[in-house]
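J.: Provided below are the primary sequence and the corresponding predicted coordinates.
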Amino acid sequence: MIQLEAIDLSKSFGTRRIFENVSFSTGIGESLAITGPNGSGKSTMIHILTGLGRASSGTVQYSGDRGKLAFEQYHDRMSVVTPYHELYDALTAFENIVFYTRMSGREVSREDMDEAVKSVGLTGRGNDAVGSYSSGMKQRLKYALARLRQPEILLLDEPTAYLDASGKELILEYLKSLKNSALMVIATNEREEADFADRVCQLGG
Amino acid sequence: MLKLLIFPAMALVIVMAFVLPSPMNPQISLGPVDAYRIFYFHVPAAWVAALSFVVGMFQSISYLRTKDADYDRKALAANRLGIVFATIFAKMTWGEFWNWSEIREVSLFILLLIYGGYFALRSALNDDDVRASFSAVMTIIFTVSALFLIFVLPRIYPAFSQHPSDTIVDNQGKMSLSPMVAIVFGLSMVTYTALYFWLYDITIRVDRYIYKLKSER
Amino acid sequence: MPTVSVSWAGKITTVFRKEMLSEFRTRYAFNAIIMFSLVTLTVVSFSLGINRPGPEVMAALFWIILFFAAASGLAQVFVKEEESHTAGFLRLYAPATAVLIGKIIFNLFLLICMTVLLVPLYIILLDTIPQNFILFTIGLLLGIIGLAGSTTIIAAIVSRASIKGALFAVLSFPVLLPLLVAAIEITLVSFTGGDFAAAGSALQLLLAYDVVMLTLSIMLFDFVWQL
């Protein structure tokens, strides 16, 4: 069972302090919402939690049954959905999916891809270039990809960004279904999403 | 306090450089006799510039291993001093010793290119961590490349395959320094090195202090 | 459920194929490199006119054209990722070394395309035929392997910086100098019809350079990528 523990995190960019002394812990089956006004560092926090960003001070630690986990060990069990990272516009949805699942070390079958694409409401668009997608569709595709990775850790930055009403519904359904089997951290401004989580960490006061 | 010895030592070197007969060996070199006195000053400058390069490499490796920002400061200090001394060396030699090997000019030019590239890279990166890591990586790549160059350059200038110092090296490639010249030269080398490390130390401490001031604000 | 596992070679191939697919559809780097080498070649040919300088100059010119064409298009492979914001998922989901090697191979492919175009044109326009064609080809091959192997990581470094284009050339030049010197010598020997023995030490140097720089790139890449 994967646990996440953040102790005394602070982040500054040069001399500009974003947040300081933030601590929390969460695990599988628990979900944490990170809230705060614009500029309070929610996205930065998610970036730090992925393991790619570094906090100015404090520690972030993922641990499993057998002790601490390093990035190389947990990143294949982690999915991230954020408006800041894009998929490849020149490739089709299927090509993107195949690429990323192979890079995680797995071959994905056509049926699984069809299923994933269907589950986010993109049926029939699998062979279209992602560049032709709207932002809402791109966001849905990111979820399709996230889902295929069967993540134990799910980090979400503005989970329903760009989504229309039906998209939002779909995604919230998906998140509900994962609630008990994954460690979820959601950075959001939206009330609805924050309420969805078990616990809240407020940044920026 | 021993550092203060640098001043009288350097003064001594300067005086002796002019008092002693010029170290030029008239059988080998051409050019104005007195100009060769610069030998006491520019060889140590080159030595220090090269030393700096090596120091920078080790600090860069240490930074990548530990991610301790202090090593980045040290690498930066080494590169700054390196470019300063390399420039001093450049100023002293270009135009002075037209018969000295092009190999020295080329090496110097490349060294300056490398330092220039290093600072260009640093100024183009804003994130502290990224800047420190990338500079360290680049320094290591440069150093390995420079090592290859040391083997490569003698090939394109085959007439100067040894480190040429035609004032003190005779036709058989043996060094022939009169004892006084050797002593003063040695003293100059030591003094330059001491001066280098003193400047290095000060630069790092100033950087640390500035960083502390900034983060307390 | 996905169960079949993908090997290291498989991952590298996946990256390579993704680059090929992407490049085939957009042709950014390819166009840049081809255009640049053609333009440079034309300028050189035009300015030389009927003068035919000696083989030393011709050999050097050849590699200068190659270097600048490389500088114009090889950084693309990482710069495009940063600029289109696709680097994020790549860092999160893909293993660093596979990404690097896949992209190095792609850059190598670009360089091969370029040389296939450049060499015949060079021979025709500049009236220079390598007497020892095998030596010429081997020197060329080792040279472009070194080019790709040592500059791809620099492309990764430059992709996060602000003045990318010029910076890539500035940083690559000192790094590539040993390669250029050795490659020019081999090319020179091949132009004048020398045998392998004559170019022996340059060949050794170039081979050593290729191996060392490639290894160094792989070792250092993690520090560049995972940030």
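T.: Thanks, I have it.

J.: tell me which parts of chain B are close to chain A?
T.: Proximity of chain B to chain A, by C-beta under 8 Å from any C-beta of the partner chain, involves residues B:Asp127, B:Asp128, B:Asp129, B:Lys214, B:Ser215, B:Arg217. For every residue, glycine as well, the C-beta is placed using N, CA and C.

J.: what's the most centrally placed residue in chain B in contact with, if anything?
T.: When C-alpha atoms, centre = their mean is applied to chain B, the residue found nearest the centroid is B:Ala49 (1.1 Å). Residues near B:Ala49 by C-beta atoms under 8 Å, 6 or more residues apart in numbering or on different chains: B:Gly82, B:Phe85, B:Ala86, B:Phe89, B:Leu111.

J.: residues from chain C in reach of chain B?
T.: Within reach of chain B by C-beta under 8 Å from any C-beta, chain C has these residues: C:150, C:153-154, C:157, C:160-163, C:167, C:170-171, C:173-178, C:181-182, C:185, C:201-202, C:205, C:208-209, C:212-213, C:216-217, C:220, C:223-224, C:227.

J.: count the residues that sit near residue 86.
T.: By default, I'm working from chain A. Other residues within reach of A:Glu86, judged by other C-beta atoms under 10 Å in any protein chain shown, total 20.

J.: should've been chain C
T.: A count of nearby residues for C:Thr86, using other C-beta under 10 Å, gives 21.

J.: I figured it was touching A:Ala90, is that so?
T.: No: assessed by C-beta atoms under 8 Å, C:Thr86 is found out of contact with A:Ala90, at 9.6 Å.

J.: that older thread, when you check chain C, which of the residues of chain B next to chain A turn up near it?
T.: B:Asp127, B:Asp129.

J.: out of the residues of chain B next to chain A, which comes closest to chain C?
T.: Chain C has its nearest neighbour among those in B:Asp129, at 6.1 Å by C-beta to the nearest C-beta.

J.: look up how far chain A lies from C:Ala169.
T.: Using C-beta to the nearest C-beta, to the nearest Å, C:Ala169 is found at 26 Å from chain A.

J.: can you tell me the element the residue nearest to that residue when sequence neighbours are not counted falls in?
T.: Once flanking residues are discounted, C:Ala169 sits nearest to C:Ala71: 4.3 Å by C-beta to C-beta, 6 or more residues apart in numbering or on different chains. Assessed by DSSP states H and E, C:Ala71 sits inside helix C:55-73.

J.: might you calculate how far whichever helix or strand comes after that helix sits from the centre of the chain?
T.: Sequence order places helix C:76-83 as the next helix or strand after helix C:55-73, per DSSP H and E. Relative to its parent chain, helix C:76-83 has a centroid offset of 16 Å by C-alpha atoms, centre = their mean, to the nearest Å.

J.: so is helix C:76-83 next to chain A?
T.: No: using C-beta under 8 Å from any C-beta, we find that helix C:76-83 stays clear of chain A, coming within 9.2 Å at best.

J.: relative to C:Ile104, how far out is the residue nearest to the centre of chain B?
T.: Distance, B:Ala49 to C:Ile104, by C-beta to C-beta, to the nearest Å: 33 Å.

J.: likewise B:Ala50?
T.: For B:Ala50, the distance to C:Ile104 equals 31 Å [C-beta to C-beta].

J.: more neighbours: those two, which one.
T.: Just comparing B:Ala50 and C:Ile104: by other C-beta under 10 Å the higher neighbour count belongs to C:Ile104, 28 against 17.

J.: okay but that one is in contact with C:Thr151, surely?
T.: No: counting by C-beta under 8 Å, C:Ile104 sits too far from C:Thr151 to count as a contact (9.0 Å).

J.: ok but C:Pro53 is inside a strand, no?
T.: No: counting by DSSP: H, G, I helix; E, B strand; the rest coil, C:Pro53 falls outside a strand, being coil.

J.: before we move on, the earlier item: same question for the helix holding C:Ala71, mean pLDDT?
T.: The pLDDT scores in helix C:55-73 average 90.

J.: that helix packs against which elements?
T.: Using 3 or more C-beta pairs under 8 Å, 6 or more residues apart in numbering or on different chains; DSSP states H and E, the elements in contact with helix C:55-73 are helix C:28-48, helix C:96-126, helix C:133-158, helix C:164-191.

J.: re earlier: neighbours of the residue nearest to C:Ala169, how many?
T.: Neighbourhood size, C:Ala71 [other C-beta under 10 Å]: 23.

J.: which residues does it contact?
T.: Taking C-beta under 8 Å, 6+ apart, we find C:Ala71 in contact with C:Phe168, C:Ala169, C:Ser172.

J.: quick one: which of the residues you listed has the most company?
T.: Greatest neighbour count in these, by other C-beta under 10 Å, goes to C:Phe168: 25 neighbours.

J.: surely it touches C:Ile154?
T.: Yes: assessed by C-beta under 8 Å, C:Phe168 is found in contact with C:Ile154 at 6.4 Å.

J.: overlap in contacts of those two?
T.: In contact with both C:Phe168 and C:Ile154: C:Ala75, using C-beta under 8 Å, 6+ apart.

J.: residue 132: neighbour count?
T.: As the question left the chain open, I've gone with chain A. For A:Ser132, using other C-beta under 10 Å, the count is 11.

J.: ah, no, chain C please
T.: Using other C-beta under 10 Å as the criterion, the residues surrounding C:Asn132 number 20.

J.: one more: A:Met1?
T.: Here the count is done by other C-beta under 10 Å, and A:Met1 has 10 residues near it.

J.: residues contacting it?
T.: Contacts of A:Met1 (C-beta under 8 Å, 6+ apart): A:Gly27, A:Ile28, A:Gly64, A:Asp65.
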